[in-house]
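Participant: below is the sequence, then the predicted model.
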Amino acid sequence: MNQMKFKSKMLPILLVAFTIAATGCGNSNSNENSGAAGNGGKTDNTSTNGTESTSTKAWTGTINMYAQAYTPNAKNITGIKSDQHQLRTIADEYEKLHPGIKINFVDEEFKDYTQTVRVKAAAGELFDVFWAQWMDLNGTLPKGIAEDLTEYFNKPNPYIADKATWQEAMNTTVVSETASPDGKHYNINGDYVATAFFYNKELFQQAGIAEAPKTWAELIDACKKLQAAGIVAMSQAPDFGWFQRHFLTDFYSKDFDTISQFDKAPGISSLDEVVAISKGMLDTKDPRFMGWWPIFKQLTDNWKPDYLTGDPGVVGGNARNDFLAGKTAIFYDGSWLPNNAKDAGIKFELGSFNFPTLSAADTPMTTGVDASGAVGGPNAAFQFAVATKEADKSMKEAGKKEAVIDWLQYLGTAQHVEQVVNENGTFVPHWPDTKPNDSMKDLASQSTKELKAIMVGNSSPNLGKDLQRTFGLYLSGNTSLEKATTAVQKALDAAVKEYKTKNDTDLSQY
Amino acid sequence: MKWKANTKTALTGYAFILPTFVFLIWFMYYPVYQALSGAFTDWDGFNAPRFIGFDNFTRLFSDEVLGQSTVHALIWVAFSILLAVIPPFVVSELIFHVRSARKQYLYRTMFVIPIVIPGIVTILLWRFLYQGDGAINQLLELVGLKSWTHLWLGDPNIALYSIIFMGFPWISAFNLLIFYSGLQNISKEVIEAAKLDGATGWKRVFLLDIPLSLPQFRLIIILTLVGSLQNIIPPLVMTNGGPGYSTYVPILHMYNVSTVNGEFGYGMSIALIMFIVILAFTILNMRLVKSDI
């Protein structure tokens, strides 16, 4: 009876205690040293050149890495070779040198990667090492999600014996021009990508086109010939972010130094962009800014109109499939397309040609600069950042940050960059002491050139998407150039206003 | 003593339901509170939110895209209600008037079976049907109506209607069953009396079936109204709001400014306004349903 009495008294207390304990469990991630990955063991870590990397002594556990196109043995990511092993091999070697540390590669497909990073970081669950391009890290993604690697760039890399600093092993042009406006580096950047027009040689032959177009006029002419032969010349969403770079880089080439120096740092930052907009340079008042739209429309008027107003992210896959299925003759894409074509088992011979250099006959606005490489650049897949402890709660574990950076240093050597990038075959390693695959030699020469691409879209998260919508409406004939110009100016003004408010910037000082 | 015993019993009871309430508050009310308070901040979803008072709301009322989206949402709601009510009611009437009970069962089953197909599959299927070289245009060409062919999702003047009208023949199994059960509930005596008074055929539908099915109409109208304001998947998957902003709706705007642009504070202010609007409709729904059922 007494026992019953005790039970009836204790029951509410036990339930309350259970509830508190249960809800408390949900918050355990916020505890420092919560050991999801680590086990607190000790290892004796000695690097390949004999330097002891003391920083990793205290931490053991699993380092999670999302390596995008270089994900080894990928089964769930479309467009990636499943027989890629180099990164796994390098990770295995690292694991042997550092008992107790495991490298896990995330084999997952992300529809909108920027959004994924944003959401995972907000939840404190970002991958320890994650793929992120410098422009996104410097502008699009929230500040504070990636570790500042600058101090490590300026120190020796224990796995590179003959260089005084890690940075000396990297491509110095790329390092200096991909720095954030305040001179920081948030990723290691090891490869280069190119974009080009890819074409179906059989369809070209059917239309009586013997050679790939070399000039703008030849490109338009080729599209007309294809159409006349009953072949769909092109059909894809015209990616504003990409095509604007070809034209603006050419038209504004003489103004590059002016625009890029507003923030007194190399390259064009979002601050440079905003200042240039507010000064009326990258603005509709400058005839060059919208001057390329009618020129580009000459090309898209020969496209199948289905995807002209589409969001490249929504219809991009369909458009690529149309090309790979032989339904369209030309497709503008990145250097990964040949791999996609191989995977798709295409039955036609694939060719490619660069975005043509414009001449005065095409437009008086051209400066004659070869802007074919303006879309590509050091924006490929060997672009790895380290999550901060705010973006990835597991990084709060004592010694984990140092261990993760040590892994990045091990991976970030010329030999490993070359191994990983060349196995994939779609990109070019751009570090000194690396050699590209033979098929990529032409592209490799571009990687030593200065990055002088000009575009707008980084000053506000919505600007690029907003301009894409107006661009599609104009190209599809659903709005006039006059109305489009008004809409573009409105979007630019809104972006400047937003930038000023968010960054508390007084643009009059520039 | 009795008071003590009652308190103990009551506390025991409360203790049993406490875990449910804790989880309810933790997972349902706390996020809502966060969303409401976040509406007054500038927050990128990652760094600490900065209180900015009513700035998001000032922006909201001058946001042209949101204004355009609201008009689209109203059009969407109006057509959605028509499609949610008329075709299912007509079909339920037809089934109800089939004399054989077995055949009634068969027809009901036939209309309900498609419910097993996931909604996203239907949406993707319609995206293909609407393509320039899709089945709809091919069919129109086949029957000599080439001039009627369109870029159904690429023309800003018709894209919104293309999305609204996908899902032909618009027979929602759920709505059909609600109407059907309403018709079944009409007593035989009333039907017989109406027959004697000459209410047969269409007369019976308009003078007897519709007035006696009003509770079902009200329920479906309010549910459709609330559901269509919250329905983000079709515009997101089919057009992402394009061409231009021609298929943009407030819920998609909220989603894009938050998760794509990283303006979670502004997204939450849109969510707050939508919450108030939807809450108003929900209260209206509860009152209407309560008064008649």
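Facilitator: It's in. Residues are numbered from 1 along each chain as shown, chains lettered A, B, ... in the order given.

Participant: what are the structural domain limits within chain B?
Facilitator: Using automatic domain parsing, the domain parsing of chain B gives B:87-130+B:166-212, B:215-293.

Participant: quick one: the shortest one near chain A?
Facilitator: Yes - against chain A, domain B:215-293 shows contacts by C-beta under 8 Å from any C-beta of the partner chain at B:237-245, B:256-257, B:259-263. (Each C-beta comes from the backbone N, C-alpha and C, glycine too.)

Participant: distance from that domain to the middle of the chain?
Facilitator: 8 Å (C-alpha atoms, centre = their mean, to the nearest Å).

Participant: tell me where the model's unsure across the stretch 401-510 of chain A.
Facilitator: Across the stretch 401-510 of chain A, the ranges flagged by pLDDT under 70 are A:442-451.

Participant: run through the strands of it in chain order.
Facilitator: For the stretch 401-510 of chain A, the strands defined by DSSP state E, counting those that start in this stretch occupy A:428-429.

Participant: write out the residues of it neighbouring chain B.
Facilitator: Counting by C-beta under 8 Å from any C-beta, the residues of the stretch 401-510 of chain A lying close to chain B are A:461-462, A:465, A:469-470, A:472-473, A:476, A:478-479, A:502.

Participant: for the domains of chain B, give me TSV that also has mean neighbour count, mean pLDDT and distance to A:Ala387.
Facilitator: Output for the domains of chain B, formatted as TSV (neighbours: other C-beta atoms under 10 Å in any protein chain shown; pLDDT from 0 to 100; distance: least, C-beta to C-beta, whole Å):
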stretch	mean neighbour count	mean pLDDT	distance to A:Ala387
domain B:87-130+B:166-212	15	91	31
domain B:215-293	20	87	17
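
Participant: so which of these gets nearest B:Trp152?
Facilitator: domain B:87-130+B:166-212 (3.8 Å; C-beta to C-beta).

Participant: how far away from the center of its chain is that closest one?
Facilitator: That offset, for domain B:87-130+B:166-212, works out to 19 Å (C-alpha atoms, centre = their mean).

Participant: now the end-to-end length of it.
Facilitator: Domain B:87-130+B:166-212 has an end-to-end distance of 18 Å (criterion: C-alpha to C-alpha, to the nearest Å).

Participant: for the residue in the stretch 151-300 of chain A that chain B sits nearest to, what are phi and psi?
Facilitator: Going by C-beta to the nearest C-beta, chain B is nearest to A:Ser235 of the stretch 151-300 of chain A, at 8.8 Å. Backbone geometry at A:Ser235, expressed as degrees, to the nearest 10, gives phi -160, psi 100.

Participant: distance of it from A:Asn321?
Facilitator: The gap separating A:Ser235 from A:Asn321 is 11 Å, by C-beta to C-beta, to the nearest Å.

Participant: so for A:Ile220, what's the nearest residue that isn't a sequence neighbour?
Facilitator: Excluding its sequence neighbours, the residue lying closest to A:Ile220 (C-beta to C-beta, 6 or more residues apart in numbering or on different chains) is A:Gln298, at 5.5 Å.

Participant: which ones are touching B:Tyr248?
Facilitator: For B:Tyr248, the contacting residues are B:65, B:68-69, B:72, B:235, B:241, by C-beta atoms under 8 Å, 6 or more residues apart in numbering or on different chains.

Participant: can you check A:Tyr410 too?
Facilitator: A:Tyr410 neighbours (C-beta under 8 Å, 6+ apart): A:47, A:90, A:94, A:97, A:159, A:416.

Participant: domain map for chain A?
Facilitator: A:54-191+A:378-445, A:195-375+A:452-509.

Participant: give me the neighbour count for A:Ala414.
Facilitator: Neighbour count for A:Ala414, taken as other C-beta atoms under 10 Å in any protein chain shown: 18.

Participant: number of residues surrounding the spatially closest residue to it that is not a sequence neighbour?
Facilitator: Closest residue to A:Ala414 apart from its sequence neighbours, by C-beta to C-beta, 6+ apart: A:Asp433 at 4.0 Å. For A:Asp433, the neighbour count with other C-beta under 10 Å is 14.

Participant: same question for the one 5 residues further on.
Facilitator: Burial of A:Asp438 is recorded as 7 neighbouring residues (other C-beta under 10 Å).

Participant: can you check A:Asn340 too?
Facilitator: Residues within reach of A:Asn340, counting by other C-beta under 10 Å, total 20.

Participant: what do you get for the one 3 residues further on?
Facilitator: A count of nearby residues for A:Asp343, using other C-beta under 10 Å, gives 14.
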